[in-house]
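**Q** kindly return the folded structure for what I paste below:
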Amino acid sequence: MIEYKGYTGVIEFDPSIDAFHGRVLGLRDVVTFQGRSLDELRREMAESVEDYLEFCAEVGKDPERPYRGEFLVRTTPELHRAAATEAAASGLSLNAWVEATISNVVNKRPAPRRRGRASHPATEETKPR
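**A** Numbers count the residues shown, from 1 in each chain. Next comes the predicted model:
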């Protein structure tokens, strides 16, 4: 992935043109670029984003920003309840818990830990007798 002015491009190799082809993520409009080297891909992506911004200005349209920092998640009532329970047990709002959980997954860290009493799997020493 490469970035320019907050826009993120993904790249894949296209053997039919013997070059790399990229597209900017998170837009309804299609913004693409291609190149044979990383420097060329960066330059072409920047040019494509600039062309997109100029086009938007010419037609009087606000350019889309790929990510605003908020999104709606639809889920089952059961999963909603379970997530809200986990959040409350962690001492976090549901929004803060979801943000932390997503961040942990994206950054490959363990899930947020609960505050207060630790829950441990039963061992010989802690099993009820």
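**Q** helix or strand for Ala84, which one?
**A** Using DSSP states H and E, Ala84 maps to helix 77-89.
**Q** look up how far Ala84 lies from the residue positioned nearest the centre of the chain.
**A** Geometric centre of the chain, nearest residue: Val106, 7.7 Å, by CA atoms, centre = their mean. According to CB to CB, to the nearest Å, Val106 and Ala84 sit 22 Å apart. C-beta coordinates here come from the backbone N, C-alpha and C atoms, glycine included.
**Q** mind listing the helices for the chain?
**A** With helices called from DSSP state H, the chain shows them at 38-59, 77-89, 94-106.
**Q** tell me how the protein divides into domains.
**A** 2-59, 72-115 (automatic domain parsing).
**Q** contact partners for the closest residue to Tyr52 other than its chain neighbours?
**A** The spatial neighbour of Tyr52 that comes closest, neighbours along the chain excluded (CB to CB, 6 or more residues apart in numbering), is Val31 at 4.9 Å. Contacts for Val31 (CB atoms under 8 Å, 6 or more residues apart in numbering) come out as 7, 23-24, 48-49, 51-52.
**Q** 7 Å - rerun?
**A** Shown in contact with Val31 (CB atoms under 7 Å, 6 or more residues apart in numbering): 23-24, 48-49, 52.
**Q** pretty sure Leu41 sits against Gly35.
**A** Yes: applying CB atoms under 7 Å, one finds Leu41 in contact with Gly35, separated by 4.0 Å.
**Q** who does the helix or strand of the chain with the lowest mean pLDDT touch, helix- and strand-wise?
**A** None of the helices or strands of the chain scores lower by mean pLDDT, DSSP states H and E than helix 94-106, at a mean of 90. With contacts taken as 3 or more CB pairs under 7 Å, 6 or more residues apart in numbering; DSSP states H and E, helix 94-106 sits against helix 77-89.
**Q** ok, and what's touching the helix it packs on?
**A** Contacts to helix 77-89, defined as CB under 7 Å, 6+ apart, come from residues 93-94, 97-98, 114.
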